[in-house]
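**Student:** For reference, the sequence and a predicted model appear below.
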Amino acid sequence: STGMITIDPGFKNTGSCESAITFLDGEKGMLRYRGYAIEELAEKADFLEVAYLLIFGELPNKEQLNTFHEDIKAESQVDEEMKKILDGFPKSAHPMGVLSSLTSALIAFNPTSVNISSEKDMYHSIVKILGKFPVLVAWTMRKKKGLPLDYGDDNLGYVENLHKMMFKKPSKEYKCNKIIIDALDKLLILHADHEQNCSTSAVRITGSSHAGLFVSLSAGISALWGPLHGGANQAVIEMLEGIQKDGGDTHKYMAKAKDKNDEFRLMGFGHRVYKNFDPRARIIKKAADEVLEDLGIVDPILDIAKRLEKVALEDPYFVERNLYPNVDFYSGIIYRALGIPREMFTVMFAMGRLPGWIAQWREMRLNHEPIGRPRQVYIGETYRPFKPLEER
Ligand code: SDX
């Protein structure tokens with residue numbers, strides 16, 4: 001229809017779909033996955049349970065969870081030839097670029113995952129990517145650190161196995177530290193879904209053309225990489241280190257953040273939906289204190305982060321714009337304490353968001369959503385006849 005087209009930059013006031021997966025209340029700072037509060041899930045569930053909940057809509061019983069995990073383990077081998085693609089990257093390559101490439105490269109080794117029509121095919125592709133993604137995540141870290149690739153261990157839990165593949169030293173026995181695994185598990189749960197954010201919208205619109213699951217996820221990984229989105233967790237740590245180098249001068253950075261001529265933003269602050277505390281930031285801030293204390297780590301960056309938060313929350317510019325810490329503000333502090341390099345922070349975000357992206361892609365396909373194809377308001381040249389080269 002040629003009716004009135006209204007432009008809504010960044011889709012600030014546009015709903016792209018109906019969804020039953022995640023509920024946000026921006027005013028109250030509430031987040032629920034399939035009706036369960038994030039605070040309860042972070043405390044009482046584990047990441048694989050939450051992945052099942054997001055994708056299939058219900059918390060699994062013991063047997064369902066066990067079958068799900070077994071089906072995932074059965075698909076956790078990555079074709080050895082994929083290593084040639086990994087080896088093609090220089091060590092300096094950013095892990096997010098490597099991860100999005102490897103994720104779409106998976107298609108070459110799993111041709112059945114190209115056209116997914118039945119729910120059975122869908123389930124098969126879902127357990128495939130849940131099995132292989134942790135391997136790819138671990139590969140990006142091993143590559144960055146120049147370590148030989150490690151293989152998973154089917155006797156370990158899902159998150160424990162991820163941690164082992166990331167950290168096991170070639171010559172040493174892998175020892176699982178419960179504090180570290182629990183912290184990682186909680187962080188992954190907190191990142192698992194967030195309704196129609198930028199990267200999820202990329203996954204849904206890519207999948208709306210009936211492109212396969214893996215390539216749709218690769219689009220999501222690319223969108224997540226941006227510093228305004230998932231890339232913020234790496235940018236926060238770099239900002240905090242900058243403040244530390246400047247002798248902890250938070251006011252200088254606050255001034256930059258408010259200066260309209262300076263494109264610097266206070267990374268880890270602000271949110272399109274939350275006009276209150278991001279509930280995930282509250283949980284991660286508390287977990288940061290607990291994990292650092294449990295691991296006996298003192299990180300001056302945490303104190304700088306807390307001081308910066310206090311200053312920002314009392315600053316009229318931030319108060320009148322409802323700018324609060326978001327999920328990315330404290331997460332990097334914990335990743336650092338777990339020995340994860342900063343270039344890997346957004347990869348960890350992608351690992352956490354994987355089940356959410358899958359759930360949203362599956363919902364879009366099961367709802368037979370039409371291909372995403374918005375209109376525009378044309379503001380270019382009116383008709384003009386072609387001008388031959390000699391006349392230009
Ligand atoms: C994530 O959408 C999701 O759900 C994302 C996410 C998820 O789980 O998927 O929650 C994950 O991406 C969290 C956000 C991580 N990004 C950052 O921390 C980067 C810093 N934040 C900003 O870039 C910004 O707050 C956004 C991108 C998060 C939100 O941008 P909006 O909604 O487009 O808001 P805006 O840019 O229009 O800002 C409104 C005002 C502006 O000032 P005025 O023009 O009104 O005078 O607030 C200012 C902005 O200049 N502002 C900031 C600021 N964020 C907004 N000023 C300084 N520092 C900031 N961080």
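**Tutor:** In hand now; what should we look at?
**Student:** going forward, measure contacts between C-alpha atoms and count neighbours the same way
**Tutor:** Fine.
**Student:** can you give me the strands in the stretch 1-150 of the chain?
**Tutor:** 22-25, 30-33, 36-37 (DSSP state E, counting those that start in this stretch).
**Student:** Would you point to the one among the ones you listed that's packed deepest?
**Tutor:** Highest mean neighbour count of these: strand 30-33, a mean of 21 (counted as mean count of other CA atoms under 10 Å).
**Student:** centre of the chain versus that strand, how much separation?
**Tutor:** In this view, strand 30-33 has its centroid 16 Å away from the chain centroid, taken as CA atoms, centre = their mean, to the nearest Å.
**Student:** quick one on the thing from earlier: would you list the strands of the stretch 1-150 of the chain in a markdown table and tack on mean pLDDT and distance to the ligand?
**Tutor:** A markdown table is the format used below for the strands of the stretch 1-150 of the chain (pLDDT from 0 to 100; distance: least, CA to the nearest ligand atom, whole Å):
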| stretch | mean pLDDT | distance to the ligand |
| --- | --- | --- |
| strand 22-25 | 98 | 9 |
| strand 30-33 | 98 | 10 |
| strand 36-37 | 98 | 15 |
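**Student:** Adding distance to residue 306, write those strands out as a markdown table.
**Tutor:** Below are the strands of the stretch 1-150 of the chain laid out as a markdown table (distance: least, CA to CA, whole Å):
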| stretch | distance to residue 306 |
| --- | --- |
| strand 22-25 | 25 |
| strand 30-33 | 22 |
| strand 36-37 | 25 |
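**Student:** Up against the ligand, what does the stretch 151-300 of the chain have?
**Tutor:** Residues of the stretch 151-300 of the chain lying close to the ligand by CA under 6 Å from any ligand atom are 194, 197-198, 228-230, 232, 257-258, 265-272.
**Student:** Restricted to buried residues, select these in PyMOL.
**Tutor:** Only the buried entries of these go into this PyMOL selection, using 16 or more other CA atoms under 10 Å:
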select buried, resi 194+198+228+229+230+232+257+265+266+267+268+269+270+271
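**Student:** Out of the strands of the stretch 1-150 of the chain, flag the one nearest residue 365.
**Tutor:** The closest of these to residue 365 is strand 22-25. By CA to CA, the value is 16.9 Å.
**Student:** quick check, distance from the closest one to the centre of its chain.
**Tutor:** 17 Å.
**Student:** Could you do stretch 372-390 as well?
**Tutor:** On CA atoms, centre = their mean, the centre of stretch 372-390 falls 38 Å from that of its chain.
**Student:** ok, the nearest residue to residue 226 once chain neighbours are set aside - contacts?
**Tutor:** Computed as CA to CA, 6 or more residues apart in numbering, the closest residue to residue 226 that is not its neighbour in sequence is residue 232, at 7.5 Å. By CA atoms under 8 Å, 6 or more residues apart in numbering, the contact set of residue 232 is 226, 267-268, 328-329, 346.
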